[in-house]
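Undergrad: Requesting a structural model of the entry that follows:
(one chain, ligands or ions: 1)
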Amino acid sequence: MPHEVTDVAASAGCVLDEGASHVNAGAPYLVTRGLVKGYGEGAARMEVLRGIDVEIARGEICVLLGPSGSGKSTFLNLIGGLEAADGGSIEVGDTAITTLGKKALGEYRRSELGFVFQFYNLVPDLTIRENIEVTAHLSKNPLPIDDLLKSLGLYEHRAKFPRQVSGGQQQRCAIGRALVKNPGLLLCDEPTGALDYKTSKEILALMEQVNRDYGCTIVIVTHNDAISRMANRVLRLRDGVLVENEMNAAPVSAAELVW
Ligand SMILES: Nc1ncnc2c1ncn2[C@@H]1O[C@H](COP(=O)(O)OP(=O)(O)OP(=O)(O)O)[C@@H](O)[C@H]1O
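TA: A predicted model of the protein is given here:
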């Protein structure tokens with residue numbers, strides 16, 4: 001484990017136990033029960049999620065697969081409190097998301113969640129460091145930014161603007177922006193969708209590293225079945241129904257993935 005990562009995690013109060021499993025098999029961390037979501041009214045109504053039940057342990061890497069339109073992003077948006085469910089419940093840690101008002105939902109997103117998207121959504125007029133710093137200000141207990149930049153391999157690029165670095169470096173910055181708050185839950189929607197093969201694998205290895213070093217639970221939405229081999233749990237949606245919910249007893253490292 002790189003020293004800087006150890007230092008970042010230690011200074012953030014994380015307990016690092018190198019070699020031990022990072023998955024806490026105790027009480028589930030993320031639980032949905034009968035989760036329902038649809039769009040439209042009357043005859044035009046379309047049910048997108050039709051009663052999703054899942055339990056994800058703290059520290060799991062969970063990969064969510066499914067064909068286009070099967071409801072993956074909708075599921076992620078409901079867990080992330082970006083959209084409201086029509087029925088069912090979501091609990092993350094001790095928080096019952098589906099009962100929260102607007103203000104409490106905002107606080108949940110600020111304190112517990114990090115989001116990573118396919119298109120990095122960085123602020124073009126802020127440097128790499130400033131893009132991360134903006135989010136750090138939202139947190140009561142942010143990770144030290146320079147240490148985080150080092151563990152992301154971005155320290156030398158910290159004073160550059162997003163247009164001056166590669167797509168992979170921009171995605172590293174987006175991951176840093178999500179991570180600097182030290183979130184319990186990292187939600188990633190097609191995080192490698194805009195990246196080439198080699199860079200995709202580097203980004204997946206980085207996710208593996210942050211999962212191991214910071215203990216955050218990660219949900220990755222992807223079209224790429226191969227990524228499921230690095231997951232502790234594989235979920236698959238088809239037409240809004242969960243058709244697969246499997247534990248993977250022997251996940252491989254991101255470096256070993258081939259597609
Ligand atoms: N805000 C919305 N209003 C109306 N329909 C929506 C809305 N958001 C999503 N949908 C529809 O819900 C269905 C599921 O969309 P969702 O984006 O969750 O699928 P997905 O599995 O993530 O697809 P993709 O892999 O293509 O991103 C699609 O048919 C989509 O058109």
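Undergrad: Alpha carbons only: can I get the helix ranked longest in the chain in PDB?
TA: For the chain, the helix that runs over the most residues, judged by DSSP state H, is helix 197-214. Written as PDB, here are the backbone C-alpha positions of helix 197-214 (Å, rounded to 0.1, in the frame of the first residue of the first chain):
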ATOM      1  CA  TYR A 197      -9.200   0.100 -22.400                       C
ATOM      2  CA  LYS A 198      -5.900   0.800 -20.500                       C
ATOM      3  CA  THR A 199      -7.300   3.900 -18.800                       C
ATOM      4  CA  SER A 200     -10.500   2.100 -17.800                       C
ATOM      5  CA  LYS A 201      -8.400  -0.600 -16.100                       C
ATOM      6  CA  GLU A 202      -6.400   2.100 -14.300                       C
ATOM      7  CA  ILE A 203      -9.600   3.800 -13.100                       C
ATOM      8  CA  LEU A 204     -11.000   0.500 -11.900                       C
ATOM      9  CA  ALA A 205      -7.800  -0.300 -10.100                       C
ATOM     10  CA  LEU A 206      -8.000   3.100  -8.400                       C
ATOM     11  CA  MET A 207     -11.600   2.300  -7.200                       C
ATOM     12  CA  GLU A 208     -10.300  -1.000  -5.800                       C
ATOM     13  CA  GLN A 209      -7.600   0.900  -4.000                       C
ATOM     14  CA  VAL A 210     -10.000   3.500  -2.500                       C
ATOM     15  CA  ASN A 211     -12.400   0.700  -1.500                       C
ATOM     16  CA  ARG A 212      -9.600  -1.100   0.300                       C
ATOM     17  CA  ASP A 213      -8.000   2.000   1.800                       C
ATOM     18  CA  TYR A 214     -11.000   4.000   2.800                       C
END
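Undergrad: tilt between the helix or strand following it and helix 197-214?
TA: Of the helices and strands lying after helix 197-214 in sequence (DSSP states H and E), the nearest is strand 217-221. Put simply, strand 217-221 runs at 160 degrees to helix 197-214, going by axes from the mean of the first three to the mean of the last three CA atoms, to 10 degrees.
Undergrad: Can you tell me the SS state at Glu246?
TA: strand (DSSP: H, G, I helix; E, B strand; the rest coil).
Undergrad: In terms of pLDDT, where does it sit?
TA: What the model reports for Glu246 is a pLDDT of 96.
Undergrad: hang on, the earlier thing: could I get the average pLDDT for the longest helix of the chain?
TA: Per-residue scores along helix 197-214 average to 90.
Undergrad: in that helix, what's buried?
TA: 199-204, 206-214 (16 or more other CB atoms under 10 Å). All C-beta spots, glycine's among them, are computed from the backbone N, C-alpha and C.
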